Structures are given as structure tokens and as C-alpha cells.
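Student: Provided below are the primary sequence and the corresponding predicted coordinates.
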Amino acid sequence: MDTNRILLVEDEARIADMLSFGLRENGYEVGVAYDGKLGYRLYDGGGFDLLILDINLPGMNGYDFCKRVRSADEKTPIIMLTALNSLDDKIEGYDAGADDYLPKPFEFRELLMKIRALLRRSGGTSNASGNLLRAGDLVMNLDTREVKRDGRDIYLTAKELQLLEYLLRNKNRVVSRADIAVNVWSINFDTSTNIIDVYINYLRNKVDKPFQEKMIHTQVGLGYVLKD
């Protein structure tokens, strides 16, 4: 089995060295950069299965780094590490294309949990052909991460894609905010925030608003359902 390669971009040398040591001890190959520009050059050289980015980086901040990656690469998982922990900061990170967000300080085992979950998710469909999820006239191609409704392209961020994938896999079934928190964000997600409602609204604006028939529905007191 091939060893997964992780790119860690963190400007605090002590933290970078500690994390890279721990990741190598857990069987990963790790490339390390202490600034955004060098990190992007390493990424651009290819071969990484997952990226871990600090946000406050010299040279190129984590948001810009993430956006540049996502402009050409929708699949490689990205985890953001940061001391910025407000809801607006999290939304900006997810909008930039991050798959997950881990505020400092954190436990190393939580980072490992997120890495394993994202690598399983990203590797689970990489060898499939024509792997589609459908609901009515809405289609998601799990290989290309393309989404179409009634033949029209719908452009989603990485987190919006994950949320829509979860709703499609559970179509016609009500899923609670707690279900979404565990399966789309992380097991330790803070359900007291309204970020799930924010992202449901983002999806509605793109998947439902341009069309007459609405697919994403709220079940008051229960959660959400995507109806076929």
C-alpha cells in the first residue's frame, strides 16, 4: 500500500517540527514549508494527497493558497490550522475551498482523525468510473466533482460539495443538524453555531433558487431533507 504524502505549511517552526514528527510517526510522508510561496511551489510539484495550511502565513496567506489550489484542483483535501476561530473566519476558510478547519490549540489525535477521514473520503471514489449521485434532475459526478441540474452546471465550494453529497446519499430522509455536523464537518463540531444553516442557505441559492421546483426542505425541529 502506498504511503500518503502530506504537505504541511506552517510558519511557526516549533509547531511545524512537532506536527511533522508526529505525522511521520503515524506512517505519513511529510513535506514542510514555513511560508506560503514556498509551500505553493512544493504543492505545484505534485504528489501530495492532503494539505495542512496555517492561515497567517508570510508570502501567501492560507486563504489565497487554498483558492489557488482550488482553481485547478477540486479533489485534494485541505485542512486549515489557525488561531482565528470566529464563525466568519470559519466561513471564509470553507469558502476558500478548505475541507476542514482546526482551531489552535488542538489535540494531535484530533488532527489525525480529520486526516484519516478526509483521506478515506478522497480515496473512496478515485478509481470509480461514472460514479454518480442523482435526485430528480440533480446529478453529482463523484469522480469529477461536477454538479448539474437540468443540464446546467452548478459551481460549489468544497464544503458545499461535501454537504450536497451527504444530502444526496440520504435523499428523501430527514437528517438532523447533528447528523450533518458529524458527517460533513467533524465529530467534535460545535453544534451551537449556525454554520450548518448558513451552508444550507448557500446550497439553496445555487441548487434551488434558479429552478421552479425546490429540492432542499426544512423539517421544523428535525433537520433537513433533499427530496427526489
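Tutor: Done, it's in.

Student: show me where this structure has its strands.
Tutor: For the chain, applying DSSP state E gives strands covering 5-9, 29-33, 50-54, 78-82, 100-103, 132-135, 138-141, 146-149, 152-154, 216-219, 223-226.

Student: so which residue is dead centre in the chain?
Tutor: Centroid-nearest residue in the chain: residue 99, 1.5 Å away (criterion: CA atoms, centre = their mean).

Student: can you list the domain ranges for the chain.
Tutor: As assigned by automatic domain parsing, the chain contains the domains 5-123, 132-226.

Student: need these in a markdown table (columns: mean pLDDT).
Tutor: Shown next, in a markdown table, are those (pLDDT from 0 to 100):
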| stretch | mean pLDDT |
| --- | --- |
| domain 5-123 | 89 |
| domain 132-226 | 87 |
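
Student: residue 116 is nearest to which of the strands of the chain?
Tutor: With CB to CB as the measure, strand 50-54 is the member of the strands of the chain nearest residue 116 (10.0 Å). Backbone N, C-alpha and C define where each C-beta goes, glycine included.

Student: rewinding a little: hey, which of the strands of the chain is tucked in deepest?
Tutor: By mean neighbour count, with neighbours taken as mean count of other CB atoms under 10 Å, strand 50-54 ranks first of the strands of the chain at a mean of 25.

Student: residues in contact with stretch 142-162?
Tutor: With contacts defined as CB atoms under 8 Å, 6 or more residues apart in numbering, stretch 142-162 is touched by 70, 74-75, 78, 94-99, 121, 125-126, 128-133, 137-141, 164-165, 184, 199, 202-203, 206-207, 210-211.

Student: what about it, how long is it end to end?
Tutor: 10 Å (CA to CA, to the nearest Å).

Student: also stretch 36-52?
Tutor: 11 Å.
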